[in-house]
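J.: Provided below for reference: sequence and predicted model.
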Amino acid sequence: MFTYDVLIKNGSITTSGDYYKADIGIKDGKIKDISDKIDPASAKEVFDASGKILIPGGIDVHTHLDMPFGGTFSSDNFETGTKAAAIGGTTSIIDYAVQPKGKTLNETIDIWNGKAKDKAVIDYGFHLAVTKLNDTTREELPELLKNGFPSFKVFMVYEGMRLEDGELMEILKIAKDNDGLVCVHAENYDSINYRIKNLLDEGKTEPIYHAISRPQKCEAEATNRAVKLAEMLDAPIYIVHVSNGEAADIITASRKHGFKTMGETCPQYLLLSIDNYREEGFNGAKYVMSPPLRDASNHKLLWDDLRLGDLQTVATDHCPFFMEQKRMGENDFTKIPNGAPGIESRMALIHHFGVNGGNISMERFVELTSTNPAKIFGMYPDKGTIAVNSDADIVVFDPDKEVTISVDNLHEEVDYTPYEGFKVKGYPVATFSRGELIAEDGKYIGEEGRGLLLKRGKPEIQ
Ligand code: URP
Ligand code: ZN
Ligand code: ZN
């Protein structure tokens, strides 16, 4: 009889607070021992991690797999998207389950779980995106918040998905009263419509006008409004995909005044810019996402916010569409499906441009990509750390491996990457999920459909 199913030997463990060399003994999917030297004879399988860094599995708390948008569906489903995630060092996701017209929230969970069950290969949770606040929803919300779905999403934009300010306020209050957290997509709906009308009247239809129709102030205004509504109630709030320093400053100020305000940014806002929309032909459509890419001067501001603790997480907002799908908006930028891929390269990009780039420490990298997401969304300490009794979600990271990111070496179900040609040093080379080696050297090698639906606990404000 073996004491352990798996033994990971000789790796350097990095958590959000520590950096040390030790062996890890794993049994029944859990970490059972972390010691100086564990006898290899005590384990059924031994993985040699000499020269490698062991980090907690990445947690991407903002994905859109198999999501209907603008008359089409995001091109990664729960199988392809989570396999790509696993290869890239992510072991849990929280996907946005968007309430379809006429459906209750419980039905929405069933619909989304139908998409994910037996397809996802890593563990997955759902933020319910509430698109209709009525008496049924009002009844369902407290129940769901208490029973494994402690976070909801509210869109301030998108016809058919958005809620009014009063409705946002009501959901913030329900969440506060039931230990929940509201995630908000903050942009000013009316100003976007006003600008779109003017631009289209002037015959301005190219992808760059997507960015011009929703400028930085449009996001900053809505961020301020959402944050102030939350402050009025002293309710926690989490602003998703913060794209610029001006919006981030609103979060910083709110936190300084003692409010439970948090923010997430994404690799695209740290590494790409409004200039990408000017790429030749229709290539600018690759970057049509909301909020749009901003002036590059924001990169430093956002890295500073991440380092200083003013923003708490880096997620991807992974929402891929093939160029063929993007072409729906060839003659009208408003018809380009919003979103871009990123689920596979998040860990490598944030490590390289964050840690190697001198913007954040290795420990802060772990905190932003795994520990804080786990804490904020009620998964800690099962997820988000390497500790005895935590899930054995562990990424073996080779700090010396150099990779040029390209659509040719990624596994996302889409025909481009916004990061084509980006060079990184440091890459995930093996991924364990609940003790099973599911990805190695750029290949998914785990069982099919092994991911579990995460029933999450109470959010911890960071
Ligand atoms: O453009 C984006 N971000 N698409 C996905 C939906 C959303 O707004 O998060
Ligand atoms: Zn959004
Ligand atoms: Zn999103």
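T.: That came through fine. Ligands and ions are numbered 1, 2, ... in the order given.
J.: Is it correct that residue 219 is in contact with residue 244?
T.: Yes. Counting by CB atoms under 8 Å, residue 219 does reach residue 244; the two are 6.7 Å apart. Bear in mind the C-beta positions are built from the backbone N, C-alpha and C, glycine included.
J.: shared neighbours of the two, anything?
T.: Residues touching both residue 219 and residue 244 by CB atoms under 8 Å, 6 or more residues apart in numbering: residue 291.
J.: quick one, which of these two is more surrounded?
T.: The residue with more neighbours, out of residue 219 and residue 244, is residue 219; 28 against 25, by other CB atoms under 10 Å.
J.: Can you give me the pLDDT of that one?
T.: pLDDT for residue 219: 98.
J.: who's in contact with it?
T.: Residue 219 neighbours (CB under 8 Å, 6+ apart): 186-188, 242-244, 246-247, 291.
J.: Which of those fall within helices?
T.: Counting by DSSP state H, the contacts of residue 219 place 246-247 in helices.
J.: Which pair of the contacts of residue 219 spans the longest distance?
T.: Spatial extent of these (CB to CB) is set by the pair 188 and 242 at 14.9 Å.
J.: Neighbour count for those two, which is higher?
T.: Using other CB under 10 Å, the more surrounded residue of residue 188 and residue 242 is residue 242, with 28 against 22.
J.: The residue in the stretch 351-462 of the chain that ligand 1 sits nearest to - how many residues pack around it?
T.: For the stretch 351-462 of the chain, the nearest residue to ligand 1 under the criterion CB to the nearest ligand atom is residue 418, separated by 12.0 Å. Neighbours of residue 418 under the rule other CB under 10 Å: 21.
J.: what does residue 282 give?
T.: Other residues near residue 282 number 15, with proximity taken as other CB under 10 Å.
J.: Please name the nearest non-neighbouring residue to it.
T.: Among residues not flanking residue 282 along the chain, residue 330 sits closest, at 6.1 Å (CB to CB, 6 or more residues apart in numbering).
J.: Could you do residue 273 as well?
T.: Counting by CB to CB, 6+ apart, residue 273 lies nearest to residue 296, which is 4.0 Å off, once chain neighbours are set aside.
J.: Around ligand 1, pick out the residues from the stretch 1-150 of the chain.
T.: With CB under 6 Å from any ligand atom as the criterion, the stretch 1-150 of the chain meets ligand 1 at residues residue 64.
J.: For the stretch 1-150 of the chain, which residue gets nearest to ligand 1?
T.: Closest point on the stretch 1-150 of the chain to ligand 1, by CB to the nearest ligand atom, is residue 64, at 5.1 Å.
J.: Is it correct that that residue is in contact with residue 315?
T.: No. Look at residue 64 against residue 315 with CB under 8 Å: they stay out of range, at 11.0 Å.
J.: Using the record's assignment, carve this protein into domains.
T.: For the chain, automatic domain parsing gives the domain ranges 4-55+387-401+422-444, 58-376.
J.: which of these sits most buried?
T.: Comparing those by mean neighbour count (mean count of other CB atoms under 10 Å), domain 58-376 ranks first with a mean of 21.
J.: Now do residue 363 against residue 49, distance only.
T.: Residue 363 sits 18 Å away from residue 49, going by CB to CB, to the nearest Å.
J.: actually residue 9, sorry about that
T.: For residue 9, the distance to residue 49 (CB to CB) stands at 6 Å.
J.: ditto for residue 240
T.: Distance, residue 240 to residue 49, using CB to CB: 34 Å.
J.: ok, now residue 191?
T.: Distance from residue 191 to residue 49, by CB to CB: 51 Å.
J.: again, but for residue 67
T.: 36 Å.
J.: what does residue 292 give?
T.: Distance, residue 292 to residue 49, using CB to CB: 41 Å.
J.: got the residues of the stretch 251-400 of the chain near ligand 1?
T.: Residues of the stretch 251-400 of the chain lying close to ligand 1 (CB under 6 Å from any ligand atom) are 289-290, 317, 319, 338-339.
J.: where along the stretch 151-300 of the chain do the helices fall?
T.: For the stretch 151-300 of the chain, the helices defined by DSSP state H, counting those that start in this stretch occupy 165-177, 189-201, 208-213, 216-233, 245-256, 267-271, 297-308.
J.: Can you tell me the SS state at the closest residue to residue 427 other than its chain neighbours?
T.: Leaving aside its sequence neighbours, residue 427 sits nearest to residue 401 (CB to CB, 6+ apart; 4.2 Å). Following DSSP: H, G, I helix; E, B strand; the rest coil, the label given to residue 401 is strand.
J.: how near is residue 401 to residue 60?
T.: Taking CB to CB, one finds residue 401 at 21 Å from residue 60.
J.: Repeat that for residue 302.
T.: To residue 60, residue 302 is 18 Å away according to CB to CB.
J.: Over to residue 323?
T.: From residue 323 to residue 60 the distance is 23 Å (CB to CB).
J.: Low-confidence bits of the stretch 51-200 of the chain, can you list those?
T.: Nowhere does the stretch 51-200 of the chain drop to pLDDT under 70.
J.: Which parts of it are strands?
T.: Under the criterion DSSP state E, counting those that start in this stretch, the stretch 51-200 of the chain contains strands at 53-56, 58-63, 68-69, 72-73, 90-98, 123-129, 151-155, 181-185.
J.: Sheet-wise, list the partners of the fourth one with their directions.
T.: So that's strand 72-73. strand 68-69 (antiparallel) (DSSP bridges).
J.: cool, the last one as well?
T.: Taking DSSP bridges as the criterion, strand 181-185 forms sheet pairs with strand 151-155 (parallel), strand 237-239 (parallel).
J.: before we move on, what about the first one?
T.: Looking at strand 53-56 with DSSP bridges, its paired strands and their directions are strand 4-14 (parallel), strand 394-404 (antiparallel).
J.: Looking at whichever residue of the stretch 151-300 of the chain sits closest to ligand 1 now. What's its pLDDT?
T.: Residue nearest to ligand 1 within the stretch 151-300 of the chain (CB to the nearest ligand atom): residue 289, separated by 3.5 Å. As predicted, residue 289 sits at a pLDDT of 98.
J.: How about the contacts made by it?
T.: Contact partners of residue 289, counting by CB under 8 Å, 6+ apart, are 268, 317, 319, 338-340.
J.: Adding secondary structure and pLDDT, write those out as TSV.
T.: Below are these laid out as TSV (DSSP: H, G, I helix; E, B strand; the rest coil; pLDDT from 0 to 100):
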residue	secondary structure	pLDDT
268	helix	99
317	coil	98
319	coil	98
338	coil	98
339	coil	98
340	strand	98
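J.: nearest to residue 355, of the residues you listed?
T.: Using CB to CB, the shortest approach to residue 355 within the contacts of residue 289 belongs to residue 268, at 18.5 Å.
J.: who's in contact with the residue nearest to residue 353 when sequence neighbours are not counted?
T.: Closest residue to residue 353 apart from its sequence neighbours, by CB to CB, 6+ apart: residue 271 at 6.1 Å. By CB under 8 Å, 6+ apart, the contact list for residue 271 reads 299, 349, 353, 419, 422.
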